[in-house]
Structures are given as C-alpha cells and as structure tokens.
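J.: My questions are about this predicted structure, shown below with the sequence.
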Amino acid sequence: MPLHAPLLAAVTVFAALTACGGGSAAQGADARVQQAADNAVRSGLAGVVLGHLGASERLLSAAGVRQVGLPDAVKASDAFMIGSTTKAMTAALAGRLVERGAIAWSTTLAEALPDLAAGMRADYRRITLEQLLAHRGGLLAFNTDADFIRFQAYLQTARAPLPTTLAQRQRFFAAWLLAQEPPPNVTPGETFAYSNAGYALAALMLESRTGRPYAALMQQELTLPLGLSVTWTAADQRVSNGPVGHAGAQARLSAVPPEDADSAAWLEVLRPAGDGTTVSPDSYARWVRWHLRALRGEATPLASSYLQRLQALKAGDYALGWVAGEIDGRPVLFHDGENRGFSTLLVIDRQGRSASFGFTNTAADDGSWVIGLLNQALLTLQRAQPLAS
C-alpha cells in the first residue's frame, strides 16, 4: 500500500500544550527531547527524529537506526518521507496562486480542465478547488490497495498507447478518475471522503491555470519564499543517504522494498497528496515556524486566505491539509501521514505559541501503533516543564 490515509481524528494528539516564552532553551530541554526519542525507539520504532518549536527555540533529537539490523544511526539532519503532511504544502501553494489571481478557491474542475469536461461525470463538473482540498470532491480515495488494483486493471485493458511522460499520465489518470462513480454513500460536494486522488486533481488544476508543472510551482511559490528544501523520492528508489522505511508489527519490522518501475511512474501522479515527498527535520521546522509566526499575526509569505480558512475551522473540521482539534480547551491544528514505511505527526497550537512533530522510518499495517508512539513521545515533551523561560 504505497500511500496511506492518515489516522486523523482517530489519534488523540495531546492532553496539554505548553506555551513557550522567549529566550534560549532552558537547561535540560535537549535531554528531555532526547529521552523521548530514545523511549520511542525502545518501544518499537526503528528510528525517530522529534522536533519542538516555541516562540524562538527549536529543538531536534534523533534516536534509533536508519535500517534495522545495521549500525548506521538516524541523524537529526536525515531526510524523511513525510506522507500526507504534504497536503498542507499543496494547499498553501494553492493559496499563493489564489492570491496572485491565477485561480480561485471557487474555480471548478470543468472550468480549470475544459479539455476533460466532456468526459467528466456531471456531479464532478461543479466540484471546486476548495472542495477538493477539503476532501469533499467525492472521488475514489487511492489510499488502499483496492483502488490501485482497479486502475491497474484498466491500464492492462486500455486500447490506446499508454502515456510516457508525467504530464500525459496526470491527464490520463484524471480522465479515468473523473469518469468513475463516487464511492458508496458519498455525495460529491457534500460528503467528507478522504482522497489522495482529489489532491492530485487539485494540483492538476493549478498546473492548467498557470502552465507550469507542480514541482516548478512548489519551488517558485513555496520552497523559495519560505526557504525550504523539498524533494521527491521515486517509488522505485529509497531516500538518498538516509533512513530506510520499515513496516510490520512491533519487534517484527522489515524494510519496505521499492516498487517496480511501472508502478513508480504512475505513483508520481499522487505526489501532491504526499507520495515520495522528502524533507529534512530542519527544513520541516522552517515550514512549521512560518505557521507559528502567521498564527501570531505576523506577516509571512503564507496566503491570507489560506490562514483565514484555518483559523475559521471548528474542532473536528478538515480543510487545506489540516484537521482542527481542541486539547484541554486549546485549539490546535494537526495532521499525520504515512508513506512507504515512514510516518509523521505534527501538531501546531493555533495561537502560534508552540508546535511539535515526529518523523519515523516506521509504519504499521494499520498505522495505529506507530502513530500512537509518536503521539506519546510528543505528549511527553508537552507535559514536561516549559522548554524556555
């Protein structure tokens, strides 16, 4: 299963958040972060990097190994695949383009993709960019094996020559997807139904309106303005000079093998949803820091309409790659992700006071025990005494 649905509201993220004041990290703070990382590895993770950000401080600690059975230790500078936490980046990119006037949140699939409109089901034609980014497009999910198998079966019976470039595969996939019936009990435009494929279509809308590919748009509108380093690892490859993804039960982990080249070529279509997105903890901390600043009301490169939508969310709502929650009455934004044996969890205080995240090169068959350990590690940090005075 190459790209999983996150657990989202199934995970109890924290019981409390600690607001951090100004100044440098208090003595012993690094030790607490390191201890939490060590405990997570002792509990079953192959390797882990934990990060905590306050008003000014940034703490990163690593533990465990890059690959089970080998001695190479995980480093805080190692890059990890971040899975579905990519969705917030895709949504922030959309916000930047909305601000530029290249597209609107209300732009429909038929308007942005007129060459595909004739073949769309009628109930998809009026689906908007914003609805896709809120998982209300009513599309197939592509987060279980079943949808991939269904599409692969179609590829085997297709009469026309199959596309050979990413741009061609994106439109081929979109045309097929938009001709499929919605999943059972899902009404396009109304029902929340988590869909990786929906984010692929949203990115295709951005490409169509700008004439530029997703990766180039990300660099121009997000990674350069925010000072990030984001790359993509193809599904038939492993992270370069970094951790290897693992999956399985606790104490019975095995390395996740790369996909075959044909599958990898099609999985590229799902990169806007999180397939193969690769980021270092340091770069991810910058991404998180921009959100803390914006939530405190400071000027940032993040689009105002993107932030306004996040601030308007009520607990349990989903929009633009984020879930809203409440922890002891405090509003937070959170998301988790899983991809090819890697898992990620991130929580941000909506008042911009603190954030914590965890990267691990470990995944579970159902995701629960791994995200549970990340959750416990971050909870331990947040329940400790403040990291800054």
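T.: Good, I have the coordinates. Residues are numbered from 1 along each chain as shown.
J.: Show me where the stretch 201-350 of the chain has its helices.
T.: 214-218, 224-226, 261-267, 281-295, 304-311 (DSSP state H, counting those that start in this stretch).
J.: For the third one, give the mean pLDDT please.
T.: Throughout helix 261-267, pLDDT has a mean value of 92.
J.: Quick one: list the elements packing against that helix.
T.: helix 145-157, helix 166-177 (3 or more Cβ pairs under 8 Å, 6 or more residues apart in numbering; DSSP states H and E). Every residue, glycine included, has its C-beta placed from N, CA and C.
J.: Using CSV, list the CA coordinates for the longest one.
T.: Meaning helix 145-157. Extracted in CSV, the C-alpha atoms of helix 145-157 (Å, rounded to 0.1, in the frame of the first residue of the first chain):
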residue,chain,number,x,y,z
ASP,A,145,-4.8,-1.4,-2.5
ALA,A,146,-8.2,-1.8,-4.0
ASP,A,147,-8.3,1.5,-5.9
PHE,A,148,-4.7,0.9,-7.2
ILE,A,149,-5.6,-2.6,-8.4
ARG,A,150,-8.7,-1.3,-10.1
PHE,A,151,-6.7,1.3,-12.0
GLN,A,152,-4.0,-1.2,-12.9
ALA,A,153,-6.6,-3.5,-14.3
TYR,A,154,-7.9,-0.7,-16.5
LEU,A,155,-4.3,0.0,-17.7
GLN,A,156,-4.0,-3.6,-18.8
THR,A,157,-7.1,-3.4,-20.9
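J.: Please report the confidence value the model assigns to Asn375.
T.: For Asn375, pLDDT reads 89.
J.: do Ser24 as well
T.: So, for Ser24, pLDDT stands at 32.
J.: circling back: please render the helices of the stretch 201-350 of the chain as CSV that adds mean neighbour count and distance to Gly337 to the earlier fields.
T.: CSV is the format used below for those (neighbours: other Cβ atoms under 10 Å; distance: least, Cβ to Cβ, whole Å):
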stretch, mean neighbour count, distance to Gly337
helix 214-218, 21, 17
helix 224-226, 14, 19
helix 261-267, 17, 15
helix 281-295, 20, 11
helix 304-311, 18, 17
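J.: Out of these, which is closest to His246?
T.: Proximity to His246 (Cβ to Cβ) singles out helix 281-295 among the helices of the stretch 201-350 of the chain, at 18.1 Å.
J.: before we move on, back to that, which stretch in the helices and strands packed on helix 261-267 has the least confidence?
T.: The bottom spot among those, by mean pLDDT, belongs to helix 145-157, with a mean of 90.
J.: My read is that Arg289 contacts Gly51, right?
T.: No - judged on Cβ atoms under 8 Å, Arg289 makes no contact with Gly51 at a distance of 10.3 Å.
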